[in-house]
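**Q** Sequence and predicted structure are below.
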Amino acid sequence: MFVSSKKLLINLCNYLRKLIIKIILLKIISRTLRININKLMKKTVPVSVNYHFTRQCNYSCGFCFHTAKTSYVLPLDVAKHGLTLLANAGMKKINFSGGEPFIKAEFMGELIKYCKIDLSWANINVSIVSNGSLIRENWMRCYGEYVDILAISCDSFDKPTNDIIGRRQGSRTDHVGKLKKVKEWCDYYKIAFKINTVINTYNLHEDFTNNITQLGPIRWKVFQCLLLEGENSGEDALRNAKPFYITDVEFDDFLKRHKGVANMVPENNTDMCNSYLILDEYMQFLNCQGGKKIASKSLLDIGVDEALGKSGFDEKTFFKRGGIYVWSKRDLLDW
């Protein structure tokens, strides 16, 4: 009887020990699952990506924050592969920029066409930011149907001011005249027209009201001049933007004077600095959190998710500044 009870007690202890181990393991598994689920819930999706596929430019704007530090451009097939990876990760809008993207006009055109045809399943909206000077009507005729929004950078409607800023290539550049011509082409080829303006020392007191109203862009994006170490500030920079820099108070004053202009979308340095997913010529995300650009490894080598983790992207600020808006020209234009 004693032996039987002892055996029963041992069996009970063994059972309880196994039960406790199982409970502990279940708790560990449950905690791990919760952590992984939370990570998935918080996973950043590259909804809107700015692809600066070239750093080369034909203008010499003094405040440029993405300067010609290299002349590298990815092979076309490699760039297409990168766009496919981004589409698989959830990208819904891509903005092609530079440098000046029309320096590689056909290269960009083929990437845009690839987004709209080969990646049509992803429903990607396409925009471009350009200084406008190298745009040709033949390009618009070939690729315009695949472009949703074309933004032209215009910092002044006064030629001497544009010359001081550096918005020119040679002395004969008619930047404003070309801006108006591109607007006509956008209307004809059904592309939504946008204007980007960087407010700085030299255009701070200019009145843009009448000119912007007459051109009627779908958005007038108004930026405060931004300093980034290694780009337009510091010893290693190719530009010195300090003479162009304005204070928050000066920027706010400009906005107050233009508050009646339709479709004005202001963006100060705080809103701008970490709220863009910037992809460079190597398809590396650029982290601007420390006031300079720190590159991730290329998403071509480590994948989109890991590269995103090094991007410094502030998703909350992206949404707060209105990073999501109507991107498709089918919803922006009258057809």
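**A** Yep, that arrived.
**Q** and the end-to-end length of stretch 158-177?
**A** Stretch 158-177 stretches 11 Å from its first residue to its last (C-alpha to C-alpha, to the nearest Å).
**Q** can you check stretch 304-324 too?
**A** 20 Å.
**Q** Likewise for stretch 119-127?
**A** 15 Å.
**Q** Next: stretch 277-290.
**A** Start-to-end, stretch 277-290 (C-alpha to C-alpha) is 15 Å.
**Q** mean confidence score for it?
**A** In this model, stretch 277-290 has an average pLDDT of 93.
**Q** And stretch 125-140, by the same measure?
**A** 98.
**Q** And for stretch 265-273?
**A** Stretch 265-273 comes out at a mean pLDDT of 90.
**Q** can you give me how far that stretch is from the chain middle?
**A** Relative to its parent chain, stretch 265-273 has a centroid offset of 13 Å by C-alpha atoms, centre = their mean, to the nearest Å.
**Q** got the CA coordinates for that stretch in CSV?
**A** Extracted in CSV, the C-alpha atoms of stretch 265-273 (Å, rounded to 0.1, in the frame of the first residue of the first chain):
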residue,chain,number,x,y,z
VAL,A,265,0.0,73.2,-49.4
PRO,A,266,2.7,74.5,-47.1
GLU,A,267,5.4,72.4,-45.6
ASN,A,268,7.9,73.7,-43.0
ASN,A,269,11.2,72.0,-42.1
THR,A,270,9.7,70.0,-39.3
ASP,A,271,7.1,68.5,-41.5
MET,A,272,9.4,67.8,-44.4
CYS,A,273,12.6,66.4,-42.8
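**Q** Now do the buried residues in it.
**A** 266, 267, 268, 269, 271, 272, 273 (16 or more other C-beta atoms under 10 Å). C-beta here means a position set from N, CA and C on the backbone, and glycine is covered the same way.
**Q** So what touches that stretch?
**A** 219-224, 226, 248, 251, 255, 288-289, 291, 317, 320-322 (C-beta atoms under 8 Å, 6 or more residues apart in numbering).
**Q** Just the buried ones from the residues you listed, in PyMOL syntax?
**A** PyMOL command restricting these to the buried ones, with burial defined by 16+ other C-beta under 10 Å:
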select buried, resi 219+220+221+222+223+224+226+251+288+317+321
